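A.B. asks: Fold the stuff below for me.
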Amino acid sequence: MLEQTFKNIDDILYKDAGADSELDYIGQTSWVLFLRYLDDLEKDRADGAALLGKGYVFILNEEYRWTNWAMPKDADGKLDYNKTKTGSDLVEFVDLKLFPYLAGFKRRAENAQTIEYKIGEIFSELKNKIQSGYNLREVIELADELPFRRTKDKHELSHLYETKIKNMGNAGRNGGQYYTPRPLIRAMIRVINPQIGEKIYDPAVGSAGFLCEAYQHLYDRMEQTTDNLKILQKKTFFGKEKKNLAYVIGIMNMILHGIEAPNIIHTNTLGESIRDIQEKNRYDVILTNPPFGGKERKEVQQNFDIKSSETAFLFMQHFIKSLKARGRSAIVIKNTFLSNTDSASVSLRKYLLETCKLNIVLDMPGGTFLGAGVKTVVLFFKKGEPTKKIWYYQLDPGRNMGKTNPLNDQDLEEFVRLSAKQEESEKSWTIQVGDIDEKTIDLSVRNPNKPEDAPLRSPGEILDEMVQRDEETSKILNLVRKMI
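C.D. replies: The predicted model follows:
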């Protein structure tokens with residue numbers, strides 16, 4: 001039922017002149033879902049206060065509550081068409097009154113770690129693109145049917161929302177940057193194994209997949225006490241995101257996964273000088289997939305000791321500086337990071353090995369990131385002591401990866417199991433840092449346990465074989481002629 005509701009919303013948006021792509025579909029669905037969620041959240045809070053004999057002050061003024069502008073109902077609980085806005089009246093109200101009012105919360109909120117501030121951020125960054133008030137009315141009525149109050153319902157909604165994010169990535173353009181395969185994220189989290197009370201950070205948060213999966217990992221394993229739940233809600237997950245749409249998607253995704261007021265800041269992480277990062281700004285765990293192939297201006301590069309126009313290389317320096325002593329990190333990065341010969345790449349690898357213990361390099365197969373067209377590795381490292389040896393694992397699911405054969409949890413089971421003791425196998429091996437070339441610091445993936453392909457022949461060898469075969473052919477032809 002819920003899946004069909006999401007599909008029906010997409011079908012309506014497809015017909016609207018203002019929504020052009022999957023990116024628009026999820027952006028427009030997100031703001032409607034957020035207000036629908038907020039209505040149930042306010043009802044729950046009001047009911048909870050009433051049980052304690054207390055009053056409740058609503059976040060939104062009455063005119064802007066879902067039950068007044070979106071779905072006013074009569075005494076029988078049916079839509080009151082005498083009070084219902086539709087057509088041009090609805091679009092005019094949303095564009096000229098609702099969005100400006102909600103955007104104002106950013107200015108009025110006490111601090112950034114409140115749901116009021118998140119309301120202001122979301123409606124400062126998004127705009128209503130649904131041009132037809134009749135289409136918007138249909139979307140609202142479908143969203144009103146979605147249940148947000150039970151944990152089971154929210155879990156199903158979060159699953160459907162994740163599917164929409166994945167589809168957005170598959171649709172191409174820049175959507176793919178928001179989606180990292182969830183089986184890979186779960187494997188990374190299992191190896192890092194974050195604990196309740198640790199601060200977890202994603203400085204390129206995108207759709208918040210890492211934080212959502214980390215939340216689920218901790219929630220499923222921790223003691224369900226009031227204190228632990230409060231720590232999980234307010235003091236565990238932190239993120240930063242530069243892009244407007246990704247910021248909104250990340251907020252909505254975390255809300256659907258159970259975090260009421262996510263600690264996600266809308267900012268360019270790389271705009272912060274790493275020299276200004278203090279102990280209070282550091283984290284126990286960093287889990288992330290920074291943008292591939294991005295470029296930053298020279299003034300942004302000045303924030304870093306190792307200058308590079310490659311965004312991922314700047315992020316790498318930010319990760320190391322943002323980790324606490326003995327903090328752990330698992331990050332996805334292009335495999336060329338291990339072997340590039342330019343001075344920035346070599347310096348960065350040297351810096352990583354000297355300041356952190358690079359425990360594991362997980363080599364991912366091509367096609368892991370649909371549409372990205374890049375080979376990636378995952379680096380697992382711990383800050384505070386130099387690297388002496390590195391354990392490599394070369395993932396080979398035994399099939400070509402793609403849209404119809406995506407990565408799954410089973411593909412990564414052996415990696416997770418072997419990583420615990422860093423065991424050697426046909427797919428895994430260990431190198432000693434002392435054996436690495438000091439000038440190039442080349443950390444390329446070279447599996448010594450895998451039979452090497454036969455070396456390519458030289459042109460001379462190929463010509464010699466051709467001559468030899470010509471001679472053999474001539475002999476056979478002569479023999480045939482004699483027999484005739």
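A.B. asks: Not counting its neighbours along the chain, what's nearest residue 112?
C.D. replies: Among residues not flanking residue 112 along the chain, residue 265 sits closest, at 6.4 Å (CB to CB, 6 or more residues apart in numbering). C-beta: built from backbone N, CA, C; applies to glycine.
A.B. asks: The one you found against residue 117, yeah?
C.D. replies: No - in this structure, residue 265 is not within contact of residue 117 by CB atoms under 8 Å, at 9.9 Å.
A.B. asks: how far away is the residue nearest to residue 112 from residue 280?
C.D. replies: Distance of residue 265 to residue 280, computed by CB to CB, to the nearest Å: 15 Å.
A.B. asks: Neighbour count: the two, which is higher?
C.D. replies: Higher neighbour count among residue 265 and residue 280: residue 265, with 17 against 5, using other CB atoms under 10 Å.
A.B. asks: tell me the average confidence for the helix or strand in which that one is found?
C.D. replies: Element membership for residue 265 (DSSP states H and E) is strand 263-266. On average, the pLDDT along strand 263-266 is 90.
A.B. asks: Can you name every helix or strand that it contacts?
C.D. replies: Here strand 263-266 touches strand 237-241, helix 244-256, going by 3 or more CB pairs under 8 Å, 6 or more residues apart in numbering; DSSP states H and E.
A.B. asks: Next, the angle helix 244-256 makes with the shortest one.
C.D. replies: Note on geometry: by axes from the mean of the first three to the mean of the last three CA atoms, to 10 degrees, strand 237-241 and helix 244-256 are set 160 degrees apart in direction.
A.B. asks: in its sheet, what does strand 237-241 sit against?
C.D. replies: When pairing is defined by DSSP bridges, strand 237-241 lines up against strand 200-202 (parallel), strand 263-266 (parallel).
A.B. asks: In CSV, list the C-alpha atoms belonging to it.
C.D. replies: Extracted in CSV, the C-alpha atoms of strand 237-241 (Å, rounded to 0.1, in the frame of the first residue of the first chain):
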residue,chain,number,x,y,z
PHE,A,237,25.3,11.8,14.8
PHE,A,238,26.8,14.9,13.1
GLY,A,239,27.1,15.9,9.5
LYS,A,240,27.8,18.7,7.0
GLU,A,241,26.5,19.1,3.5
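A.B. asks: What segments of the stretch 201-350 of the chain are strands?
C.D. replies: Secondary structure of the stretch 201-350 of the chain (DSSP state E, counting those that start in this stretch): strands located at 237-241, 263-266, 283-288, 323-334.
A.B. asks: Out of those strands, which gets the lowest mean score?
C.D. replies: For these, mean pLDDT drops lowest on strand 263-266, to a mean of 90.
A.B. asks: Run through who's touching it.
C.D. replies: With contact meaning CB atoms under 8 Å, 6 or more residues apart in numbering, strand 263-266 is reached by 112-113, 121, 125, 205, 208, 234, 237-242, 244, 247, 250-251, 254.
A.B. asks: Narrow those residues to those that are buried.
C.D. replies: Neighbour counting by 16 or more other CB atoms under 10 Å classes 112-113, 121, 125, 205, 208, 237-242, 244, 247, 250-251, 254 among the contacts of strand 263-266 as buried.
A.B. asks: okay, now residue 330: neighbour count?
C.D. replies: Neighbours of residue 330 using other CB under 10 Å come to 25.
A.B. asks: Quick check: closest non-adjacent residue to it.
C.D. replies: Counting by CB to CB, 6+ apart, the residue nearest residue 330 is residue 188, at 4.1 Å.
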